[in-house]
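*Asks:* Based on what follows, work out the 3D shape:
(chains A and B, ligands or ions: 2)
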Amino acid sequence: MAEDGTIYYTNGLPVPDTPAPGEEPEFWKETDVVGKRTPRVDAYERVSGTAVYPSDIKLPNMIYGAILRCPHAHAKVKKVDAGRAEKMPGVRALITGDSPEAGGLKWKYRGYSGPLFDAHCRFEGEVVAAVAADTPYQAWDAVHAIDVEYDVLPHVVDHNLALTGKAPEVHDQGNLAGTDEYERGDVAGGFAEADVVLEQNYETGCQLHTPMELHGCVADWEGDRLTIWESSQGVYAVQSVLSGILGMPLSKVRVIGHYMGGGFGSKLWPGKYTVLAALMAKQAARPVKMILTREETFLCVGNRPPNTMRLKAGVKKDGTLTAFDFECIGPSGAYPGGGTEIVDWLVRDLYQCDNVRCLSRDVYIHAGTARPFRAPGHPQGSWALEQMMDDLAEKIGMDPIELRLKNIPSISQGRGIPYTRTGLKDCIERGAERFGWKDAVKRAREQNRSGSHIKRGVGMGACLWIVGGGGPPSTVVIKLFRDGSVNLNMGASDIGTGTKTIMAMVAAEELGVKPDVIQIEHADTGTTQYATPSGGSKTVPTEAPTVRNAAIDVKRQIIQMAAEDLGAPAVDLDYEGSEIVSMKDKSKRIQVTDVSGLKKRGVVIGVGYRGPNPKNKSVNPFAAQFCELEVNTKTGEMKILRFLGAHDSGRVMNRLTYDNQVFGGIVMGIGFGMTEFRQLDANQTGKLCNRNWHDYKLPTALDVPVDMESLPIEIDDPEANNTGAKGLGEPVTIPTASAIANALYMATGIRFTKAPVHPMEMRRRLSAGKEG
Amino acid sequence: MRTIGAGAVSASLTGAAMVAESKPGPPEKILDATDTVKLKLNINGVNYAVLVEPRWTLLFVLREAIGLTGTKEGCGRGECGACTVLIDDIPRYACMTLAVEAEGRRITTIEGLMTGEELGPVQKAFLEEDAFQCGYCTPGQVMAVEGLLRKTPEPSMDEIRTGVSGNLCRCGAYHHIFRAARKAAIRKTR
Ligand code: FES
Ligand code: FES
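*Replies:* Ligands and ions are numbered 1, 2, ... in the order given. Take a look at the predicted model:
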């Protein structure tokens, strides 16, 4: 598993230190702004259409790029003939593996480096050539006119076959990308102690990120300086990768990504397309806009790998878990991408169990490389663990909620250190109560006995998320202007989670101003501070404490200045709203905007650094989700009636965007559990069969319940950081599918161990049940 | 005309909300893909004269030729609704509409719902209810709701859900979108 220092969202990036922040401020007891339902500071831009996303950039003289990709799962490029394409109307730049610009350039995966244009194409969608032309139509005309001769080679795209010895080898060293073993306690002894031992195989489908804004960028050169507008979760990651590949100083690569239309992990890094855009922009001496097509985003910008899992579990009659034995295999894809990364974490950490063994094998196949996808590994592991918990409960005649509550660990067993706080118990208990668990179970059982073909089920799943505490590095600069307005400068991207708004609220809380007088500059390597990419649910717990420190730095300076005006020692002074007041003599007070030092200087600049996380403690968010649904046993149709998400992510920073995140995570989990899977043509061609949103189904407005509830379990966590906020964006999608599976079991009596459960699968299993 | 730089588009802003009377219909002869035709488009009450290739979609012309980038592209093939605009008040996928087909029609984009710098009622409801996350599907969602309310001023929850069911939101902001639609309906009818 990834150590915290090298967690996936910074994998392969050199991450700088931040200076120590100095004295940390006290934990907020009460807040005026933070926590309230606050519409986003950039909502106007987003709903009016004035927000400029990278795909909206249009520069003078700009041309459009398109990429020719290998149409085979496994092939060698023998010859590329671009002669015809070069002469086509509008074509301004063209690049292939033979072009001098491409010579020697290397593309890096985790711990693997290969040529930018690799003649050995190990997945459908590998880059073969690229064109830039006056219009995208012309660029595609030219792409289609490039003649390529391929040697088509045998492929393996089924991860379960990769290690059988019969499959073609993706890399010379074989198809095993990595093994991860873990053991604690005495597993055999644990099983011997158990009253009930169950073993089950599970499978989850490959989920594709497909964020709404297509992956892409605009690249523009001014002499030897390169500017990239990239739809990205982290501009500094893009800068680091680009400067590395092109051998340029960091200062000459400026990456801007103010708005971005979703990423979910697939935009933590740039793609080869970014490099190709830069190279062609240089060749043509014109800016190049390179936006992938939807189809390309299904092939080559990441996925949540499919996993095949086996879980054996032992339990005593009183509900004590005695042992877990977990095994998992999954594909990185063609290159290292984390095919089984942290799939086993919930088994290791979620429930009290002394004896645990986990074995994960990550394999290569001839398909697009995995990228982190919202809570990597966790929804998969949850699919196995949470269904197993329900089965164990049933076998020992215990309510599934009770079994979970019986096994709340007091420490993080996976790390062997305590949690700062754990809300697991409260999430389960209070969630169940709010959901009306007992009544709902009764109602479902009654309906199912009535003989109606509409069956009802309720189910739940609990989780934690491996990280979510954030941490250094982070630097934030706040400028307070003489009129009391504020400029906040940070490097982090707002990937749709409301980061900017929350930071404005934190600054407003401290400085006694309204959030809307705060102007935010962010996500620009040219003008804002270093930040790691927004991933791992770490942005709020990383940036919010830093913003607070920066605001406090501003306040410290203002108080010094006010001391002169008030003729009182600075130590006696403090902020009250937007005034500085003497604590000794409340009549001595001055409006911040009246402080003469500020008036004279015009601006006061405060700098904040992110302090370290607590030593030897683990900061994690926790959750439990509950679902009620109906199954039409004649048609196989399923209808989710309601969902409740009870989440402990520490302090709720903005209730409005908080709820939105919870609902959004549930929607994505519904996709993972019921509608989404990548279908590769394993036997014939190895190609992707469902490469668009007609064939690959995302949940629509008609697939999600109107009745959704978010129940924050707000537990003070002053040790986590000075705001007490923990990550939210990932836990919200972890237990959704398993809650659905457990509800389906109650409705039908069938264990659906293979995700997703779509109506066809439901129908198939219902019929099989009848025959059996 | 082989290029479409800024100079290739002459946008004529009449200012008056004039609806062109010309009848839509297929061109008489089949044109070469790279031939250009002169087109008048009425967008948000303003007439634009543009030179387009007949294969250009309305979406491409809006975004890249005219520069109205509020309308987004999510798939370019009628799957997601990010490109939704109103054509004669009916929500349409601009990526599935050729620009030449849109001549003589009344095209409304997200920019057209504004009164100057003021948000329209649907946009305001989206803002207040936080009916988006990344915001990339949002212009399309707003247009779908606007189209729904123009036809059905007091929609039921089922009508709202169906009304936006052609608009994917990968961030999953549906719940808040439903709320915003309901709020906008109440505001508009009041
Ligand atoms: S861009 Fe038109 S429907 Fe997706
Ligand atoms: S808000 Fe991101 S896709 Fe809808």
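*Asks:* Going by C-alpha atoms from here, please, whenever you check contacts or count neighbours.
*Replies:* Will do.
*Asks:* the longest helix in the chain is where?
*Replies:* No chain specified, so I'll use chain A. When chain A is scanned for its longest helix (criterion: DSSP state H), the result is helix A:539-566.
*Asks:* oops, I was thinking of chain B
*Replies:* Identified as the longest helix of chain B according to DSSP H is helix B:174-189.
*Asks:* Quick check: buried residues in the longest helix of chain A?
*Replies:* Within helix A:539-566, the residues that count as buried by 16 or more other Cα atoms under 10 Å in any protein chain shown are A:539-563, A:565-566.
*Asks:* Against which helices or strands is the longest helix of chain B packed?
*Replies:* helix A:655-670, helix B:121-129, helix B:138-151, helix B:157-163 (3 or more Cα pairs under 8 Å, 6 or more residues apart in numbering or on different chains; DSSP states H and E).
*Asks:* Which of the ones you listed sits closest to ligand 1?
*Replies:* Proximity to ligand 1 (Cα to the nearest ligand atom) singles out helix B:138-151 among the helices and strands packed on helix B:174-189, at 9.0 Å.
*Asks:* And for the closest one, what's in contact with it?
*Replies:* For helix B:138-151, the surrounding residues in contact (Cα atoms under 8 Å, 6 or more residues apart in numbering or on different chains) are A:46-49, B:70-72, B:81-86, B:89-91, B:109-110, B:122-123, B:126, B:131-132, B:155, B:160, B:163-164, B:167, B:177, B:181, B:185.
*Asks:* Count the residues that sit near residue A:571.
*Replies:* Using other Cα atoms under 10 Å in any protein chain shown, residue A:571 has 12 neighbouring residues.
*Asks:* What are the phi and psi values at it?
*Replies:* Dihedral angles of residue A:571 (phi, psi; degrees, to the nearest 10) stand at phi -60, psi -20.
*Asks:* again with residue A:62
*Replies:* Reported as degrees, to the nearest 10, the phi and psi values for residue A:62 are phi -70, psi 140.
*Asks:* again, but for residue B:86
*Replies:* Note on residue B:86: backbone dihedrals following degrees, to the nearest 10 are phi -100, psi 130.
*Asks:* For it, give the beta-bridge partners.
*Replies:* In this entry, residue B:86 is beta-bridged to residue B:91, residue B:108, by DSSP bridges.
*Asks:* Thought residue B:97 was touching it, still the case?
*Replies:* No - Residue B:86 is beyond contact range of residue B:97, at 11.4 Å (criterion: Cα atoms under 8 Å).
*Asks:* more neighbours, the two?
*Replies:* Taking other Cα under 10 Å, residue B:86 and residue B:97 do not tie; residue B:86 has more neighbours (24 against 18).
*Asks:* need the contact list for the more buried one.
*Replies:* B:92, B:106, B:107, B:108, B:109, B:143, B:147.
*Asks:* ok so, going back, list the helices and strands the longest helix of chain A packs on?
*Replies:* Against helix A:539-566 (3+ Cα pairs under 8 Å, 6+ apart) you get strand A:475-481, helix A:499-511, strand A:573-576, strand A:589-591, helix A:596-601, strand A:603-609.
*Asks:* The same query, at a cut-off of 10 Å, please.
*Replies:* Applying 3 or more Cα pairs under 10 Å, 6 or more residues apart in numbering or on different chains; DSSP states H and E, one finds that helix A:539-566 contacts strand A:475-481, strand A:486-490, helix A:499-511, strand A:573-576, strand A:579-582, strand A:589-591, helix A:596-601, strand A:603-609.
*Asks:* between it and strand A:475-481, how big is the angle?
*Replies:* Angle of helix A:539-566 versus strand A:475-481, following axes from the mean of the first three to the mean of the last three Cα atoms, to 10 degrees, is 40 degrees.
*Asks:* Just the angle for helix A:539-566 relative to helix A:499-511, thanks.
*Replies:* Going by the same axes, to 10 degrees, helix A:539-566 makes 30 degrees with helix A:499-511.
*Asks:* Give me the neighbour count for the residue lying closest to residue B:113 once chain neighbours are set aside.
*Replies:* Once flanking residues are discounted, residue B:113 sits nearest to residue B:120: 5.3 Å by Cα to Cα, 6 or more residues apart in numbering or on different chains. For residue B:120, the count of nearby residues is 21 (other Cα under 10 Å).
*Asks:* Got phi/psi on residue B:120?
*Replies:* Backbone torsions of residue B:120, given as degrees, to the nearest 10, read phi -80, psi 170.
*Asks:* Domains in chain A, by residue range?
*Replies:* A:54-153+A:210-300, A:376-468+A:617-768, A:470-609 (automatic domain parsing).
*Asks:* For the ones you listed, give me JSON lines that also has distance to ligand 2 and mean pLDDT.
*Replies:* Formatted as JSON lines, these follow (distance: least, Cα to the nearest ligand atom, whole Å; pLDDT from 0 to 100):
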{"stretch": "domain A:54-153+A:210-300", "distance to ligand 2": "5", "mean pLDDT": "97"}
{"stretch": "domain A:376-468+A:617-768", "distance to ligand 2": "9", "mean pLDDT": "97"}
{"stretch": "domain A:470-609", "distance to ligand 2": "7", "mean pLDDT": "95"}
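*Asks:* Would you mind reformatting those domains (as CSV) and adding columns for distance to ligand 1 while you're at it?
*Replies:* Below are the domains of chain A laid out as CSV (distance: least, Cα to the nearest ligand atom, whole Å):
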stretch, distance to ligand 1
domain A:54-153+A:210-300, 9
domain A:376-468+A:617-768, 9
domain A:470-609, 19
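*Asks:* and stretch A:283-297, how far from the chain's centre?
*Replies:* Centroid separation for stretch A:283-297 versus its chain: 25 Å, with Cα atoms, centre = their mean, to the nearest Å.
*Asks:* Dump the C-alpha coordinates for that stretch into PDB.
*Replies:* What follows is stretch A:283-297, C-alpha atoms only, in PDB (Å, rounded to 0.1, in the frame of the first residue of the first chain):
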ATOM      1  CA  GLN A 283       6.400  23.400 -35.000                       C
ATOM      2  CA  ALA A 284       3.700  25.600 -36.300                       C
ATOM      3  CA  ALA A 285       4.700  28.700 -34.300                       C
ATOM      4  CA  ARG A 286       1.000  29.000 -33.400                       C
ATOM      5  CA  PRO A 287      -1.000  28.100 -30.300                       C
ATOM      6  CA  VAL A 288      -2.500  24.600 -30.400                       C
ATOM      7  CA  LYS A 289      -5.800  23.600 -28.900                       C
ATOM      8  CA  MET A 290      -5.800  19.900 -28.200                       C
ATOM      9  CA  ILE A 291      -9.100  18.600 -26.800                       C
ATOM     10  CA  LEU A 292      -9.600  14.800 -26.900                       C
ATOM     11  CA  THR A 293     -12.800  13.300 -28.200                       C
ATOM     12  CA  ARG A 294     -15.100  11.500 -25.800                       C
ATOM     13  CA  GLU A 295     -14.100   8.200 -27.400                       C
ATOM     14  CA  GLU A 296     -10.500   8.800 -26.500                       C
ATOM     15  CA  THR A 297     -11.300   9.500 -22.900                       C
END
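*Asks:* chain center to the longest helix of chain A, what's the gap?
*Replies:* 31 Å.
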